[in-house]
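Asks: got a predicted structure plus its sequence, pasted below:
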Amino acid sequence: MKAASIADIKKELKEKTASELIELSLRLARFKKDNKELLSYLLFEQHDWPAYVQSIKEEMDEAFEEINTGSLFWIKKSLRKILRLTNKHIRYMGEKEGEVELLLYFVTQIKEFKIPIKKSTQLQNLYQSQVKKIEAAIATLHEDLQHDYYRQLEAVQ
């Protein structure tokens with residue numbers, strides 16, 4: 001089955017009644033955890049994204065504390081997992097400022113937990129790619145915010 005384009009879906013959704021839209025949303029939420037999480041964000045969290053960012057930071061703190069520092073393999077695996085979850089929440093928000101906040105927090109936590117990124121090329125590449133993503137996201141923000149976030153980024157590096 002070929003998926004319809006966004007424009008076709010939008011046209012079809014405009015023709016549905018409110019009760020039909022509710023039923024479609026609930027059915028969509030049943031099929032995948034990500035759909036349910038996105039719908040939850042849009043309904044309950046979207047109006048207060050700073051609080052949402054703070055809750056994600058708390059989740060990240062817990063995940064960083066659970067990192068097994070016994071070997072580089074487990075450190076890499078744990079960092080990729082934290083980053084994957086962080087990127088999922090960034091996609092939900094769709095806010096560049098929230099993206100910068102979360103990614104800056106991620107690289108800050110790497111430094112604070114003294115994760116030995118110098119011992120692994122993969123960890124160095126992971127860290128540098130996040131710094132590049134932060135710089136790209138900062139470039140899209142307002143000038144005042146850019147200055148503040150660049151200062152925070154410099155403090156981390």
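Replies: All right, it came through fine. Residues are numbered from 1 along each chain as shown.
Asks: for residue 32, give me phi and psi.
Replies: Dihedral pair for residue 32: phi -150, psi 140, per degrees, to the nearest 10.
Asks: that one: neighbour count?
Replies: 10 (other Cβ atoms under 10 Å). For every residue, glycine as well, the C-beta is placed using N, CA and C.
Asks: what do you get for the one 3 residues further on?
Replies: Residue 35 has 14 neighbouring residues, counting by other Cβ under 10 Å.
Asks: what's the answer for residue 65, then?
Replies: By the criterion of other Cβ under 10 Å, residue 65 has 9 neighbours.
Asks: cool, and the one 5 residues further on?
Replies: Summarising burial for residue 70: neighbours were counted as other Cβ under 10 Å, giving 8.
Asks: helix, strand, or coil at it?
Replies: Under DSSP: H, G, I helix; E, B strand; the rest coil, residue 70 falls in the coil class.
Asks: in which helix or strand would I find the closest residue to residue 68 other than its chain neighbours?
Replies: Distances taken as Cβ to Cβ, 6 or more residues apart in numbering put residue 74 closest to residue 68, at 4.0 Å, once the chain neighbours are dropped. Using DSSP states H and E, residue 74 sits within helix 72-93.
Asks: could you check the angle helix 72-93 makes with the helix or strand following that helix?
Replies: Proceeding N to C from helix 72-93, the next assigned helix or strand is helix 96-112, under DSSP H and E. If you take axes from the mean of the first three to the mean of the last three Cα atoms, to 10 degrees, helix 96-112 sits at 160 degrees to helix 72-93.
Asks: list the buried ones in the next helix or strand after helix 96-112?
Replies: Toward the C-terminal end, the helix or strand that comes next after helix 96-112 (DSSP H and E) is helix 121-138. Neighbour counts using 16 or more other Cβ atoms under 10 Å place 123, 126-127, 130-131, 133-134, 137-138 of helix 121-138 among the buried residues.
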